[in-house]
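Novice: pasting the structure only:
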């Protein structure tokens, strides 16, 4: 049966097997590579080095706006803004 699992094998062991496979290595490499360009773009191209507001609530809102910015740009550049 395919759905049965070995009772001695825990979640960590199963995940290690998945990641150590050729397909798993390829997938995990792509996942690690996709996050960094967004932060590099925010800091390098947009020059968002520090928060301009003070207070946890305001900084949280500003950070969420920074995180939305690349997605909004993608929508605008692909014609969804028209």
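Specialist: The structure has been received and is ready for your questions. For clarity, every value in this text was computed on a predicted model and none was experimentally measured.
Novice: on the three-state scheme, residue 80 is what?
Specialist: coil (DSSP: H, G, I helix; E, B strand; the rest coil).
Novice: now for the least confident helix or strand in the chain by mean pLDDT, which elements pack on it?
Specialist: Least confident helix or strand, the chain: helix 22-40 with a mean of 77, by mean pLDDT, DSSP states H and E. Contacts defined by 3 or more C-beta pairs under 8 Å, 6 or more residues apart in numbering; DSSP states H and E place helix 22-40 against helix 11-20. No exception for glycine: its C-beta is placed from N, CA and C like everyone else's.
Novice: tilt between the least confident helix or strand of the chain and helix 11-20?
Specialist: 90 degrees (axes from the mean of the first three to the mean of the last three C-alpha atoms, to 10 degrees).
Novice: how far out from the middle of the chain is helix 22-40?
Specialist: How far helix 22-40 lies from its chain's middle: 9 Å, per C-alpha atoms, centre = their mean, to the nearest Å.
Novice: residue 70 - how many residues pack around it?
Specialist: The number of residues packed near residue 70 is 15, by other C-beta atoms under 10 Å.
Novice: separation between it and residue 39?
Specialist: Separation of residue 70 from residue 39 (C-beta to C-beta, to the nearest Å) stands at 10 Å.
Novice: same thing with residue 49?
Specialist: Distance from residue 49 to residue 39, by C-beta to C-beta: 12 Å.
Novice: same check on residue 47?
Specialist: 13 Å.
Novice: more crowded one of those two?
Specialist: Under the neighbour definition other C-beta under 10 Å, residue 47 and residue 39 were set side by side, and residue 39 has more, 13 against 8.
Novice: relative to residue 22, how far out is the more buried one?
Specialist: 29 Å.
Novice: mind giving me the domain ranges of this protein?
Specialist: 10-48, 50-82 (automatic domain parsing).
Novice: which of these comes out lowest on mean pLDDT?
Specialist: Among the domains of the chain, domain 10-48 carries the lowest mean pLDDT, a mean of 81.
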